[in-house]
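J.: For reference, the sequence and a predicted model appear below.
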Amino acid sequence: MKYLFIAGGFLLAIATACSSVPAVDKPANPSMASNRVEEVPDKDQITAMSHPPVDEVEQQAAPKPEGKTAEQFLAELQERLATEKREGDAQDMLAANAAVRVDYGGIIITLSDSVLFAPEQFALLVSSQPMMKKVAGALLVTKERELVVEGHTDSNGTSSGNIELSRQRAEAVRTYLIAQGYPAARIRAQGIGQDRPVATNANEKGREKNRRMEIVVSVKKDEAL
């Protein structure tokens, strides 16, 4: 009897606990009932759903403007002015190491062959490296420009030999500029030889002026010379 009384009390406690649990509506078709437990969103999730981010509200309220904004236009203008100033500084640097002039629709940088090469040779002298590095650094300011490296000689020797030597020297300068970072596709080397003298070939002083390298820097269409 003692054990029956304890068991009866235990069952009564279970029945009482179960009666306190709220009733759950059963689905009309028990076979369609899902075993998945629905997740209840927390407070932060509810707030996020009811209040979308400010950026999304602004994007929904105002259509995306077409074209450039005033801020974008101003930024581009400031960058252009800064670039032009850097180009001016670069040309000042070039002027200290080479002759610079504007001609034939471009900027022409003239370098003496006596500074760059040994007689009848086309390898750049080691002593020319500091100057060439400054020239390359100045040219790298605007790498979008097209360059033509022209080799020129005096009238000594044969015409064909002078054209070949001037071409090889122009290629040496082109190779150096590429090694310094200038885009290879924008540099062309050309051997002119003795065909475009800038001085007389009757004396050594004139011939020295004719032995030269010219780097022709293209000028943009909207730039006035």
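T.: Nice, thanks for sending it over.

J.: Give the buried residues for the longest helix along the chain.
T.: Under DSSP state H, the helix in the chain containing the largest number of residues is helix 70-95. Buried residues in helix 70-95, counting neighbours by 16 or more other C-beta atoms under 10 Å, are found at Ala90, Met93, Leu94. Heads up, the C-betas are built off the backbone N, CA and C, glycines and all.

J.: The first one contacts Ala136, doesn't it?
T.: I take that to be Ala90. No. Contact criterion C-beta atoms under 8 Å: Ala90 and Ala136 do not qualify, at 10.7 Å.

J.: Next, the buried residues of stretch 145-156.
T.: Buried positions in stretch 145-156, judged by neighbour count with 16+ other C-beta under 10 Å: Arg145, Leu147, Val148, Val149, Glu150, Gly151, His152, Thr153, Asp154, Ser155.

J.: possible to save the residues you listed as TSV with pLDDT?
T.: Listed next are these as TSV, based on pLDDT from 0 to 100:
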residue	pLDDT
Arg145	89
Leu147	95
Val148	96
Val149	97
Glu150	97
Gly151	97
His152	97
Thr153	96
Asp154	95
Ser155	95
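
J.: Could you tell me which of those are located in strands?
T.: Using DSSP state E, the members of the buried residues of stretch 145-156 that fall in strands are Leu147, Val148, Val149, Glu150, Gly151, His152.

J.: Which one of those is nearest to Ala184?
T.: Using C-beta to C-beta, Leu147 comes nearest to Ala184 of these, at 10.5 Å.

J.: check contacts around the closest residue to the closest one other than its chain neighbours.
T.: With C-beta to C-beta, 6 or more residues apart in numbering as the criterion, Leu147 has its nearest non-adjacent residue at 4.6 Å, and that residue is Ile187. Applying C-beta atoms under 8 Å, 6 or more residues apart in numbering to Ile187 gives the contacts Glu146, Leu147, Val148, Val149, Arg174, Leu177, Ile178.

J.: Tell me the one of the residues you listed nearest Gln194?
T.: The nearest member of the contacts of Ile187 to Gln194, counting by C-beta to C-beta, is Val149 at 17.3 Å.

J.: now that closest one, which residues is it bridged with?
T.: Ala189, Ile215 (DSSP bridges).

J.: Hmm, Arg186 and it touching each other?
T.: No. Judged on C-beta under 8 Å, Val149 makes no contact with Arg186 at a distance of 11.3 Å.

J.: State the pLDDT value of Lys143.
T.: For Lys143, the pLDDT comes out at 85.

J.: how near is it to Leu116?
T.: Lys143 sits 22 Å away from Leu116, going by C-beta to C-beta, to the nearest Å.
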